[in-house]
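Q: return atomic coordinates for the entry below.
(2 chains)
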Protein chains: 2
Amino acid sequence: MNTERRIVQMNEPVLARNSNMAERNRLRFQQHGVTAVNLVSSPGSGKTALLERTLVDLRQELRMAALVGDLATENDARRMRQTGAKAIQIITGDVCHLDADMVDRAYDQIESEPLDILFIENVGNLVCPASYDLGESRRIVLLSVTEGEDKPLKYPTIFRDADVVLITKSDIAAYVEYDRQTAEHNIRSIATRATLFELSAKTGEGMEPWYGYLRALHNRHSSAGVGV
Amino acid sequence: MNTERRIVQMNEPVLARNSNMAERNRLRFQQHGVTAVNLVSSPGSGKTALLERTLVDLRQELRMAALVGDLATENDARRMRQTGAKAIQIITGDVCHLDADMVDRAYDQIESEPLDILFIENVGNLVCPASYDLGESRRIVLLSVTEGEDKPLKYPTIFRDADVVLITKSDIAAYVEYDRQTAEHNIRSIATRATLFELSAKTGEGMEPWYGYLRALHNRHSSAGVGV
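A: Numbers count the residues shown, from 1 in each chain, chains lettered A, B, ... in the order given. The predicted structure follows:
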């Protein structure tokens, strides 16, 4: 398709520059002993709610902070700061994803904090963030039970590279006639190497395995232990 | 922000070319007496479900067809064809929006159909489609009750240009503690000229005012009647 080819070609220098900056970020995180986790999803899948609960529940065990991308508003960073954690809002204007440059500059503001895990909440978008490495260790894709079981098939690029797929809002699964078997089949057919969790940040159900994953991720990075 | 400026500058020739093609589409639709309606939303807000029900319920009154954009799969066009309506799938690859060129080529395939309304279901994305005029008469933004009341504030560009905001999945509003007052306040503060409907394509509640809007839109175009 002509339009598509044109856009991809135009983006090539931008993507190459981003990859270089992402490698710099990765090195910087490594030097500081920080594990960076990039969270991507549709708008409204519950990224902020997940992080709010995680920042509270694990605050005795892990030192955590968040960088939060949005086109507009400081709302999400404000919500997260109420947990006591540091949170930096990145306003992207009309840009539909974070890039490594934005993450670099936001991280400057909390670089002196001793951290175990840095959450990077991307702009709500199932397309654009797929192409932009931020220097993260793990990429987590959230999919709420209300969005439809076909989404991994319709947005394959972002699911293909997922290290984890988190099915969120499990508390309303019955009301929306969520078809778990079909959804998981579709996820596994695209996100072939992903670990799968189903949880509700609202009721707390299913949060413990997710916390276990984060603990193991931190231990792995701090002691070169078993990979997750 | 440097990155943002760079991307916007790069897109300028693409956007200018798109605007020209959109004007051509608009003229073509006008000549054929077709009202084109561009539907945009997050993935999973219920665009396809809305169209499936609309295509069935209004088929005795209006001649309708759909162009459907997705990164991958023919699923949505297939779902719509089961209603008996013509539906053309546009596969965008990794492109996060439809453009006027894609619409032009897809419309070629149904140009000979006598039509009153052509629905154009955009790629599920609250950012990219905002910048791409397709030649439509009306732009409809869907927001499901599960996505959070803050979305108009966080994705202002797409809500600002909406002619209609459709709040979808009203049947599960109570389960997700949907705050109607806050949501409508936020929508009205950004989408200042939009007409607002709340409905459920699943139960059928609230569909009648939406149908009334479509009837009036068609009458307006076919007889230069009162604007909607």
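Q: ok, now which ones touch the residue nearest to residue A:218 when sequence neighbours are not counted?
A: Spatially, and ignoring its direct neighbours in sequence, residue A:218 is nearest to residue A:116 (4.9 Å; C-beta to C-beta, 6 or more residues apart in numbering or on different chains). For glycine as for every other residue, the C-beta is placed from the backbone atoms N, C-alpha and C. By C-beta atoms under 8 Å, 6 or more residues apart in numbering or on different chains, the residues touching residue A:116 are A:33-35, A:62-64, A:218, A:222.
Q: pLDDT score assigned to residue A:116?
A: On pLDDT, residue A:116 comes in at 97.
Q: for residue A:4, same thing?
A: pLDDT at residue A:4 comes out at 44.
Q: just to revisit the earlier point, CSV for the contacts of residue A:116, including secondary structure and pLDDT?
A: Below are the contacts of residue A:116 laid out as CSV (DSSP: H, G, I helix; E, B strand; the rest coil; pLDDT from 0 to 100):
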residue, secondary structure, pLDDT
A:33, coil, 96
A:34, coil, 97
A:35, strand, 97
A:62, coil, 98
A:63, coil, 98
A:64, strand, 98
A:218, helix, 92
A:222, helix, 77
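Q: which of these tops the neighbour count?
A: Greatest neighbour count in the contacts of residue A:116, by other C-beta atoms under 10 Å in any protein chain shown, goes to residue A:64: 26 neighbours.
Q: element containing the residue most central in space within chain A, please.
A: What sits nearest the mean C-alpha location of chain A, by C-alpha atoms, centre = their mean, is residue A:39, with 0.7 Å. Following DSSP states H and E, one finds residue A:39 within strand A:35-40.
Q: next SSE after that strand?
A: Per DSSP H and E, the first helix or strand lying C-terminal to strand A:35-40 is helix A:47-57.
Q: distance check, the residue lying closest to residue A:222 once chain neighbours are set aside against chain B.
A: Excluding the flanking residues, the one nearest residue A:222 by C-beta to C-beta, 6+ apart is residue A:33, at 6.5 Å. Using C-beta to the nearest C-beta, to the nearest Å, residue A:33 is found at 28 Å from chain B.
Q: now do residue A:33 against residue B:43, distance only.
A: Residue A:33 sits 36 Å away from residue B:43 when distances are taken as C-beta to C-beta, to the nearest Å.
Q: residue ranges for the helices of chain A, please.
A: A:2-31, A:47-57, A:75-81, A:100-108, A:151-154, A:156-160, A:180-190, A:207-223 (DSSP state H).
Q: so where's chain A shaky on pLDDT?
A: Residues of chain A meeting the criterion pLDDT under 70: A:1-10, A:223-228.
Q: circling back to that earlier point, and which of the contacts of residue A:116 is nearest to residue B:75?
A: Nearest to residue B:75, judged by C-beta to C-beta, of these is residue A:35 at 36.5 Å.
Q: OK, contacts around that closest one?
A: Residue A:35 makes contacts with A:29, A:116-118, A:137-138, A:217-218, A:221, as judged by C-beta under 8 Å, 6+ apart.
Q: most surrounded residue in these?
A: Tallying neighbours with other C-beta under 10 Å puts residue A:118 at the head of the contacts of residue A:35, with 28 neighbours.
Q: can you give me every residue that contacts that one?
A: Contacts of residue A:118 (C-beta under 8 Å, 6+ apart): A:29, A:34-37, A:64-67, A:107, A:110.
Q: give me the beta-bridge partners of it?
A: residue A:36, residue A:65 (DSSP bridges).
Q: against residue A:13, how distant is it?
A: Counting by C-beta to C-beta, the gap from residue A:118 to residue A:13 is 28 Å.
Q: repeat that for residue A:220.
A: 35 Å.
Q: picking up where we left off before, looking at the contacts of residue A:116, which is nearest residue B:167?
A: Using C-beta to C-beta, residue A:64 comes nearest to residue B:167 of these, at 34.5 Å.
Q: please tell me I have it right and the closest one contacts residue A:58.
A: Yes. Residue A:64 lies in contact with residue A:58 (C-beta atoms under 8 Å); the separation is 6.7 Å.
Q: check whether residue A:128 really touches residue B:127, as I assumed.
A: Yes. Residue A:128 is within contact range of residue B:127, at 7.0 Å (criterion: C-beta under 8 Å).
Q: any residues in contact with both of these two?
A: Shared contacts of residue A:128 and residue B:127 (C-beta under 8 Å, 6+ apart): A:96, B:96.
Q: neighbour count winner among those two?
A: Taking residue A:128 and residue B:127 together and counting by other C-beta under 10 Å, residue B:127 has the greater number of neighbours (25 against 22).
Q: surely that one and residue A:70 touch.
A: No. Using C-beta under 8 Å, residue B:127 is not in contact with residue A:70; the gap is 10.7 Å.
Q: who touches both of the two?
A: Counting by C-beta under 8 Å, 6+ apart, the contacts common to residue B:127 and residue A:70 are residue A:123.
Q: rewinding a little: as JSON lines, the contacts of residue A:116 with distance to residue A:146 would be great.
A: Shown next, in JSON lines, are the contacts of residue A:116 (distance: C-beta to C-beta, whole Å):
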{"residue": "A:33", "distance to residue A:146": "38"}
{"residue": "A:34", "distance to residue A:146": "33"}
{"residue": "A:35", "distance to residue A:146": "30"}
{"residue": "A:62", "distance to residue A:146": "30"}
{"residue": "A:63", "distance to residue A:146": "33"}
{"residue": "A:64", "distance to residue A:146": "27"}
{"residue": "A:218", "distance to residue A:146": "31"}
{"residue": "A:222", "distance to residue A:146": "37"}
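Q: got the phi/psi numbers for the residue nearest to residue A:222?
A: Backbone torsions of residue A:33, given as degrees, to the nearest 10, read phi 70, psi 30.
Q: that one and residue A:220 touch, don't they?
A: No. Residue A:33 is beyond contact range of residue A:220, at 12.0 Å (criterion: C-beta under 8 Å).
Q: quickly note the distance from residue A:75 to residue A:27.
A: Distance, residue A:75 to residue A:27, by C-beta to C-beta: 32 Å.
Q: what sits closest to residue A:62 if chain neighbours are left out?
A: residue A:116 (4.5 Å).
Q: return the distance of stretch A:21-38 from the chain's centre.
A: Between the centre of stretch A:21-38 and the centre of its host chain there is 15 Å, according to C-alpha atoms, centre = their mean, to the nearest Å.
Q: buried stuff in that stretch?
A: Using 16 or more other C-beta atoms under 10 Å in any protein chain shown as the test for burial, stretch A:21-38 gives A:21-22, A:25-26, A:28-29, A:34-38.
Q: same question, stretch A:137-148
A: Neighbour-count burial for stretch A:137-148, counted by 16+ other C-beta under 10 Å, picks out A:137-148.
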